[in-house]
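In: quick one, structure for this:
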Amino acid sequence: MARNFIPLLAQGWRYYNNYRLCYSCNILHCLHYQSNLLFTTVALTLGNEVTSSSIPTQNANERSLGKNGLCEASRDIKTFCEQGKLNEAMDILQVMDQQGIKLDLAVYNSLLQTCIDMKAVAEGRMVHEYMIKDGFKPDTNLKTKLIILYAKCGSLVYARQVFDEMFERNVVTWTAMIAGYAQHGCAEESLLLFSNMLRVGIKANQYTFASVLRACARSGVLEQGKQIHSSILKTRFRSYLFVESALVDMHSKCGSIEDARRVFDKMFQRDVVSWNAMVAGYVVQGDADKAWRLFCQMQQARMKPDQFTFGSILRACSSLAALEKGRQVHACVIRMGFQSYSVVAGALVDMYAKCGNMNNARVIFDLMSPKDVISCTAMITGYAQQHGHDEEALSIYYETWRAGIKPDHVMFSSVLSACAGLAALEQGRQIHAHIFKIESESYIVLGNALVDMYAKSGRIEDARHLFDTMHERNVVSWTTMITGYGKHGHGKDVLQLFEQMQQMGIRPNDVTFVAVLSACSHAGLVDEAWQYFNSMIQDHHYTPRAEHYACLVDLLGRAGCLDDAHKFIKEKVPFEPNASIWGALLGACRIHGNVELGKLAAEHLFELDPQNSGNYVMLANIYAASGRRADAVKVRKMMRDKGIKKEPGYSWIEIKKRVYTFVAGDRSHPQSEEIYAMIDNLTSQMKEIGYVPDTNFVLHNMEEELKEYILCHHSEKLAIAFGLISTPQGTPIRVVKNLRVCGDCHTATKFISKIVHREIVVRDCNRFHHFRDGLCTCGDYW
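Out: Alright, predicted model coming up:
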C-alpha cells in the first residue's frame with residue numbers, strides 16, 4: 001500500500017506551488033509514517049526540498065494524529081500569519097477542517113488579526129464561519145476583533161450583528177463599532193452608539209473620543225462636538241496628540257475655524273496630522289490665504305508635509321487661482337516624491353485646470369494611472385470653462401464613461417456645461433440618459449445644468465418642462481430659466497416667471513435682475529425695466545453693478561433713444577463706465593446708424609479694451625453701412641498697425657451626435673460640393689422672391705460680384721446648408737456662431753426659412769434667433 005503513495009507524493013512535490021497539495025503530502029506522510037520505511041524516506045526527501053519560504057519546517061518523527069497534529073497545524077498557521085501569508089494559512093485551515101481537526105483560541109486570534117491587518121474581509125468571514133461550524137465559543141476579545149475586521153472593511157451589518165449578540169462588551173468593543181460607523185459616513189449611528197455607551201456606564205478612552213469627533217466633523221454637528229470637547233477637557237486625554245488633532249478637525253469642518261485655531265495654538269506638540277487638519281480647515285472654510293500662510297509656517301517649523309498636506313494646499317492654490325504658488329508646490333511635490341499619489345496628482349490637475357493652464361493639467365492627467373472621478377471632473381470642468389474647448393471636455397467624459405468610472409453630480413454638471421457651450425443637443429440628451437440611469441437627477445445642481453443645457457441648445461420648451469418637474473428649486477434654478485427665456489426673446493414669459501418666483505418666497509439675487517433687465521431690453525419693455533431696476537435698489541437693497549447699467553443703456557438704445565442713453569451714461573452711472581456699458585451704446589449705434597455717437601463709444605472702448613477686435617469691426621461696419629468706406633478702411637488699417645487681428649468667425653452644427661465646424665469659404669468638408677450646390681440653389685430662389693445681398697458687410701476693396709460670392713459663403717450659411725442636406729425634411733436646423741450674426745446672413749436666413757419651410761435656430765454670441773416663415777423672433781434687433 002505504501003508504494004501506491006510514492007507517486008502521489010512525487011506529484012504533490014512537482015506542484016508544490018499549490019500549497020494545498022503540498023500540505024496534503026504531509027498529511028499523507030502522517031497517515032503512513034509508521035507503516036513503511038520506504039514511504040518515510042521518500043516523504044523526507046521531498047519535504048527537505050521545500051524551502052522555508054514555502055512551508056514551515058516540520059519534523060516527521062513528531063507528526064502524528066491527535067494532539068500533535070493539531071499543535072503542528074496551529075504552529076504552521078501562526079507562522080504563516082506572522083509572515084503575512086494569509087492564503088497559505090487559510091489553506092491549512094481548510095485542510096484541518098476537512099480532517100475534522102479543530103483549532104484553538106490562539107489560532108483564531110492570529111487569523112483574525114492578519115485579516116484585520118490585510119483588510120481581508122472575505123477570508124475573515126470564512127474564519128468566522130469555521131468558528132460557528134465548529135461550535136467554537138469566542139471570548140469578548142475575539143468577538144471584538146470580528147467587529148474591528150467587519151467595521152474596518154465596511155461590512156457594518158455583520159459588525160453590528162456580532163456587536164448586538166455580545167452579552168459582555170468593553171470599551172474597545174464599543175469603540176470599534178463607533179469608529180466603524182464614523183469611518184464609513186454613518187455619523188448619526190456613531191453618535192447614537194456613543195450616547196448608549198455612556199448610558200450603560202462605559203467610560204470613553206482616547207480612541208473613542210477621536211472616533212466620535214470624526215463623526216461630528218462628518219455630520220457638521222458643532223453643538224454635539226462642543227459637548228464632547230467639554231467632556232474631553234475633564235479627562236487625561238485632553239493632551240493626547242491625536243485627540244487634539246481630532247478636535248482641530250472637528251471644529252474646522254463644523255465651521256468654527258476660530259475654535260479650531262485656538263486648540264491648534266495651545267497644542268504643546270504637533271504632528272503632520274495636526275497641521276493637515278488646520279490647513280484643510282482653512283481650505284474647507286474658504287480662507288485660502290490663511291491656509292497658504294499656515295503651510296509656510298509648517299515648512300518653517302521643519303514639519304515634513306505628506307500627500308494630504310499637498311492635496312489641501314493645492315486646493316487652496318486652486319481657490320486663489322494662484323498659478324505661481326501652485327507651481328512652487330508642484331516643485332516641492334516632485335522634490336519630495338509625492339507626484340505619484342493619486343490625491344496629489346488629482347489636486348495638481350485641478351489646480352492647473354482652475355488656473356487656466358490646461359496644457360500642464362493634461363500632461364499630469366495623461367500620466368495618472370488609474371484615473372479617478374476627481375481628476376476626470378477637474379479636466380472636464382477646466383475644458384468646459386475655457387472658450388473653445390468644449391469638445392475636449394466631452395471627449396474626456398466619454399473616455400471616463402468607457403473606463404467604467406462612475407460620474408458624480410459634479411462631473412455631470414460640468415459636462416452638461418460643455419454640451420450647452422456647443423449647443424450639442426443630441427449629446428446632451430445622451431448624458432441626460434446617463435444621469436437618469438444612475439439616479440443622480442435629484443441634485444439641484446444637476447437640474448439647473450440640464451435646464452441650462454436645453455435652453456442653450458435651442459430647446460426652451462424642454463428646459464421649461466425640466467424646470468417645472470424639479471423637486472426642489474433654488475435661486476439659481478429660477479435665474480437659469482429666466483435667462484433662457486430672455487436669450488430666446490420671450491420677454492413676457494420672463495416677467496411672469498419672475499413674479500411667480502417672488503410669490504413663492506424665492507429672493508432674487510443681483511444676477512437674476514441682470515437676466516430680467518436684459519430680457520426687458522430684448523423685448524422692448526422699457527417701463528417694466530425701469531420698474532424692476534428701481535425695485536432692485538429700493539425693495540431688495542442691491543447696489544447696481546456695471547451689468548445692470550449696461551442693460552439700461554441697451555434698453556434705451558434699442559428703443560432708439562440714443563441721446564438719452566448717452567446722457568444716462570454721463571449723468572446716472574456713479575462710476576467710470578466700463579467696456580460693457582460703452583459696448584451697449586456702440587451696439588445700439590450700429591443698429592440705428594448713428595455714426596458720430598458710435599465713434600464716441602468706440603473711442604472709449606479702444607482705451608478700455610484695446611485688444612478687442614470686435615469693437616473695431618463694429619465701428620468699421622457702422623462706417624461702411626453709412627457709405628463712409630474710407631473711414632471703414634482707416635479703422636481696418638488702425639487694427640493692422642496695432643497688430644490686432646479680427647477674431648475668426650466660425651459656425652457649427654451637430655448632426656448625429658457629431659459637431660461639424662465651418663469657417664467662411666470652407667471647402668474642407670467631404671460634402672463640400674453638395675453644400676455649395678445647396679447654397680447656389682437657395683441663393684437663386686431667394687433672389688427670385690426679393691433677396692438682395694448687402695455687400696456693405698464686405699469691407700474689402702473688390703468687385704461687387706466677388707463681394708457677393710464671399711457673402712454667400714459665410715460660415716453660418718455653410719452650416720445651414722449642411723444641415724439641410726443632412727437632416728430629414730421638416731426637422732429644425734440648429735446652428736451656433738461664435739460672433740454676432742452679420743446683417744446679410746440674418747436677412748438671408750429669414751428667406752431660407754420661408755423657402756424650405758423649416759425652423760432655423762441660430763445662436764450667436766448675444767442671443768437666439770428663431771427663424772420661421774421669413775420672420776425672426778429678435779424683431780431684426782440684435
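
In: my guess is Lys741 meets Lys717, correct?
Out: Residue 741: Val, not Lys. No - proximity of Val741 to Lys717 does not meet the contact threshold set by Cβ atoms under 8 Å, at 10.5 Å. Glycine gets a C-beta too; all of them are placed from N, C-alpha and C.

In: state the pLDDT value of the residue nearest to Ala345 when sequence neighbours are not counted.
Out: Distance criterion Cβ to Cβ, 6 or more residues apart in numbering; nearest residue to Ala345, sequence neighbours excluded, is Met368 at 5.0 Å. On pLDDT, Met368 comes in at 91.

In: who are the contact partners of Met368?
Out: Residues counted as contacts of Met368 (Cβ atoms under 8 Å, 6 or more residues apart in numbering) are Ser342, Ala345, Gly346, Val349, Ser375.

In: and if you look at Gly587?
Out: Asp554, Gly557, Met618.

In: now tabulate those residues in TSV and tack on neighbour count, distance to Ile733 and secondary structure.
Out: Listed next are the contacts of Gly587 as TSV, based on neighbours: other Cβ atoms under 10 Å; distance: Cβ to Cβ, whole Å; DSSP: H, G, I helix; E, B strand; the rest coil:
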residue	neighbour count	distance to Ile733	secondary structure
Asp554	24	28	helix
Gly557	28	30	helix
Met618	22	27	helix
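
In: wait, which of the residues you listed is closest to Ser684?
Out: Met618 (31.5 Å; Cβ to Cβ).

In: could you check how far Ser274 is from Pro574?
Out: 49 Å (Cβ to Cβ, to the nearest Å).

In: between these two, which one's more packed in?
Out: Ser274 (23 against 8; other Cβ atoms under 10 Å).

In: how much space separates the more buried one from Asp104?
Out: In terms of Cβ to Cβ, Ser274 sits 43 Å off from Asp104.

In: just Glu716 next, same as before
Out: In terms of Cβ to Cβ, Glu716 sits 84 Å off from Asp104.

In: neighbour count: those two, which is higher?
Out: Taking other Cβ under 10 Å, Glu716 and Asp104 do not tie; Glu716 has more neighbours (28 against 11).

In: could you check the distance from that one over to Glu426?
Out: 20 Å.

In: hmm, back to that, for the residue nearest to Ala345, give me phi and psi.
Out: Met368 adopts backbone torsions of phi -70, psi 140, taken as degrees, to the nearest 10.

In: quick one: buried residues of stretch 617-635?
Out: 617-625, 631-633, 635 (16 or more other Cβ atoms under 10 Å).

In: can you redo these as CSV with secondary structure?
Out: Below are the buried residues of stretch 617-635 laid out as CSV (DSSP: H, G, I helix; E, B strand; the rest coil):
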residue, secondary structure
Val617, helix
Met618, helix
Leu619, helix
Ala620, helix
Asn621, helix
Ile622, helix
Tyr623, helix
Ala624, helix
Ala625, helix
Asp631, helix
Ala632, helix
Val633, helix
Val635, helix
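
In: just those now: which is nearest His669?
Out: Out of those, the member with the shortest distance to His669 (by Cβ to Cβ) is Val617, at 26.0 Å.

In: could you find the closest non-adjacent residue to that closest one?
Out: Nearest one to Val617, counting by Cβ to Cβ, 6+ apart, is Lys646 at 5.8 Å.

In: wait, the one you found sits on Met639?
Out: Yes - the pair Lys646 / Met639 is scored as a contact, 7.1 Å apart, by Cβ under 8 Å.

In: neighbour-wise, which of these two wins?
Out: Met639 (17 against 13).

In: that one and Phe80, how far apart?
Out: Met639 is 79 Å from Phe80, by Cβ to Cβ.

In: repeat for Lys492
Out: 79 Å.

In: returning to that earlier point: weed out the non-buried ones from the contacts of Met368.
Out: Burial by neighbour count, judged by 16+ other Cβ under 10 Å, picks out Ser342, Ala345, Gly346, Val349, Ser375 from the contacts of Met368.

In: which of the residues you listed fall in helices?
Out: With DSSP state H as the criterion, helices contain Ser342, Ala345, Gly346, Val349, Ser375 from among these.

In: lowest-confidence helix or strand of the chain?
Out: Least confident helix or strand of the chain, by mean pLDDT, DSSP states H and E, is helix 37-49 with a mean of 33.

In: just checking, next helix/strand downstream of it?
Out: For helix 37-49, the following helix or strand on the C-terminal side (DSSP states H and E) is helix 67-82.

In: so for that following helix, mean pLDDT?
Out: So the average pLDDT for helix 67-82 ends up being 76.

In: for this protein, what spans make up the strands?
Out: For the chain, the strands defined by DSSP state E occupy 650-655, 658-663, 733-737, 760-763, 768-772, 775-776.

In: export those to a markdown table and tack on mean neighbour count and distance to Trp582?
Out: Putting the strands of the chain into a markdown table (neighbours: other Cβ atoms under 10 Å; distance: least, Cβ to Cβ, whole Å) gives the following:
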| stretch | mean neighbour count | distance to Trp582 |
| --- | --- | --- |
| strand 650-655 | 22 | 26 |
| strand 658-663 | 18 | 29 |
| strand 733-737 | 25 | 23 |
| strand 760-763 | 23 | 25 |
| strand 768-772 | 22 | 25 |
| strand 775-776 | 18 | 27 |
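
In: any chance of those strands in TSV, with mean pLDDT and distance to Asp452 too?
Out: TSV is the format used below for these (pLDDT from 0 to 100; distance: least, Cβ to Cβ, whole Å):
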stretch	mean pLDDT	distance to Asp452
strand 650-655	95	17
strand 658-663	94	18
strand 733-737	95	15
strand 760-763	96	13
strand 768-772	94	13
strand 775-776	92	23
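
In: give the contact list for the closest residue to Thr661 other than its chain neighbours.
Out: Leaving aside its sequence neighbours, Thr661 sits nearest to Trp652 (Cβ to Cβ, 6+ apart; 4.4 Å). Going by Cβ under 8 Å, 6+ apart, Trp652 touches Leu422, Val659, Tyr660, Thr661, Phe662, Ala719, Val735, Val736.

In: beta-bridge partners for the third one, please?
Out: Read that as Tyr660. Ile653 (DSSP bridges).
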